[in-house]
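Participant: no FASTA, just this:
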């Protein structure tokens, strides 16, 4: 049994000729208006929080590098509190991964606290 027969479910009413082969350009055009994007950010100071907040308000996911700050630094505590407030406002989620990353997600997305095994 060929792969298309498996995909088509064996003996349905469709044949391979009923499907259109898509080019990668078709996906690129379709994805330009796609919903959520993933952004990578570095937080060096308080002003770096503004584009992160904007991205989360726009429905995007942000992974932010906070290695320039120690976790006991008051600045990073203030930044985390500010981003936590944004996550709550949009009904999203926020988690700190280790000492060096924050992940902030928008409405409808939650972050699992369990590692995949």
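Facilitator: Thanks, I have it. Please read these numbers as outputs of a predicted model, since none were measured by experiment.
Participant: Report all helices and strands that the longest helix along the chain contacts.
Facilitator: Of all the segments of type helix in the chain, defined by DSSP state H, the longest one is helix 74-89. For helix 74-89, the packing partners by 3 or more CB pairs under 8 Å, 6 or more residues apart in numbering; DSSP states H and E come out as helix 49-57, strand 93-97, strand 101-105. Just so you know, the C-beta spots here come from the backbone N, C-alpha and C atoms, and that holds for glycine as well.
Participant: Could you say which of the ones you listed is packed most deeply?
Facilitator: Ranked by mean neighbour count, those are led by strand 101-105 with a mean of 21 (mean count of other CB atoms under 10 Å).
Participant: pLDDT averaged over it - what is it?
Facilitator: Averaging pLDDT along strand 101-105 yields 95.
Participant: picking up where we left off before, contacts made by the longest helix of the chain with the rest, please.
Facilitator: Residues outside helix 74-89 that contact it (CB atoms under 8 Å, 6 or more residues apart in numbering): 43, 45-46, 49, 52-53, 56-57, 64, 66, 69-70, 92-94, 96, 102, 104-105.
Participant: what would the helices and strands packed on helix 74-89 look like in CSV with distance to residue 111?
Facilitator: Putting the helices and strands packed on helix 74-89 into CSV (distance: least, CB to CB, whole Å) gives the following:
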stretch, distance to residue 111
helix 49-57, 13
strand 93-97, 5
strand 101-105, 6
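Participant: Select, out of these, the one closest to residue 116.
Facilitator: Taking CB to CB, strand 93-97 is the member of these nearest to residue 116, at 13.6 Å.
Participant: Paired strands for the closest one, with orientation please.
Facilitator: Strand 93-97 has the following strand partners under DSSP bridges: strand 101-105 (antiparallel).
Participant: where's residue 78 relative to residue 88, distance?
Facilitator: Noted for residue 78: a distance of 16 Å to residue 88, by CB to CB, to the nearest Å.
Participant: Which pLDDT value goes with residue 98?
Facilitator: Residue 98 is given a pLDDT of 86.
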